[in-house]
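1. Only the shape, not the letters, is given here:
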């Protein structure tokens, strides 16, 4: 992208007014692509959300391979059409590879989660979610609350019950942003009637498991104030490749003044 931007800048110096404007827009897009692609050093991956960061650079690459380079080769008497055909073949092969990978992931999603207009397809993690949703539907009273950690606010939406907390996510990013002490204080001031611990492997953030590698004070408070009610799937935060959800209920409060 840097080389391409330099080439476009040099071409812009000798271009006419109309081409000068188009090259200015192309240089701006190239600069934008460089900035976004630079964010890939923050441990992004193309198969996650990194593809969004790489998209402007990829668009520039396609234009360069199918338009600018073939036209330049033709202008110096070379076979620009042959180059364009070869480049198109490479791009098509790469596209088919990614389409095949996308089809692989989509084909795994055959479990319906939710009902009516809320329904969506999920992979093998769907049955534990459906189990918890069924339990919550029968257990939750009209004014009761449920907290989901470290992430899973979709559960709150599907059962139409809030958590009562100010925070909706308890991933390493949010813990670093808001502070674990503030999150624990929020939990203590608004303790939900039920808590669901959802398995999530978060090593891409530098911490593998909630309650073990980060969020230990939150987990200690949960263990002290909640008892296990049911397990759907495998036990969370043990095996990174085995999904499960642990449903917990708030312990009866002892008599006496409550903590403010």
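-> Received it, and whenever you're ready, just let me know what you need. Worth saying up front: this structure is predicted, and the values here are computed from it rather than measured.
2. now what about stretch 68-84, what contacts it?
-> If you take C-beta atoms under 8 Å, 6 or more residues apart in numbering as the criterion, stretch 68-84 is touched by 65-66, 87. C-betas here are computed from N, CA, C, even on glycine.
3. which SSE is residue 19 in?
-> Using DSSP states H and E, residue 19 falls within helix 17-38.
4. buried sites along that helix?
-> Within helix 17-38, the residues that count as buried by 16 or more other C-beta atoms under 10 Å are 23, 26-27, 29-30, 33-34, 36-37.
5. now it, how far from the chain's geometric center?
-> Distance of helix 17-38 from the chain centroid (C-alpha atoms, centre = their mean, to the nearest Å) equals 29 Å.
6. Report all helices and strands that that helix contacts.
-> helix 2-13, helix 51-63 (3 or more C-beta pairs under 8 Å, 6 or more residues apart in numbering; DSSP states H and E).
7. How far does the longest one sit from its chain's centre?
-> The reference is to helix 51-63. Taking the mean of its C-alpha atoms, helix 51-63 sits 20 Å from the chain's own mean (C-alpha atoms, centre = their mean).
8. the inter-axis angle of that helix versus helix 2-13?
-> Interaxial angle, helix 51-63 versus helix 2-13 (axes from the mean of the first three to the mean of the last three C-alpha atoms, to 10 degrees): 50 degrees.
9. Identify all contacting residues around helix 51-63.
-> 1, 4, 26, 29-30, 32-34, 36-37, 39-40, 44, 46, 91.
10. out of these, who's nearest residue 123?
-> Using C-beta to C-beta, residue 46 comes nearest to residue 123 of the contacts of helix 51-63, at 20.1 Å.
11. what number of residues lie near the spatially closest residue to the closest one that is not a sequence neighbour?
-> Leaving aside its sequence neighbours, residue 46 sits nearest to residue 54 (C-beta to C-beta, 6 or more residues apart in numbering; 6.2 Å). Counted by other C-beta atoms under 10 Å, the residues lying close to residue 54 total 17.
12. what do you get for the one 5 residues further on?
-> Using other C-beta under 10 Å, residue 59 has 12 neighbouring residues.
13. Heading C-terminal from the longest helix seen in the chain, find the next helix or strand.
-> In the chain, assigned by DSSP state H, the helix with the most residues is helix 80-107. Where DSSP H and E defines the elements, the next helix or strand beyond helix 80-107 is strand 111-113.
14. so for that next one, what's the average pLDDT?
-> Mean pLDDT, strand 111-113: 95.
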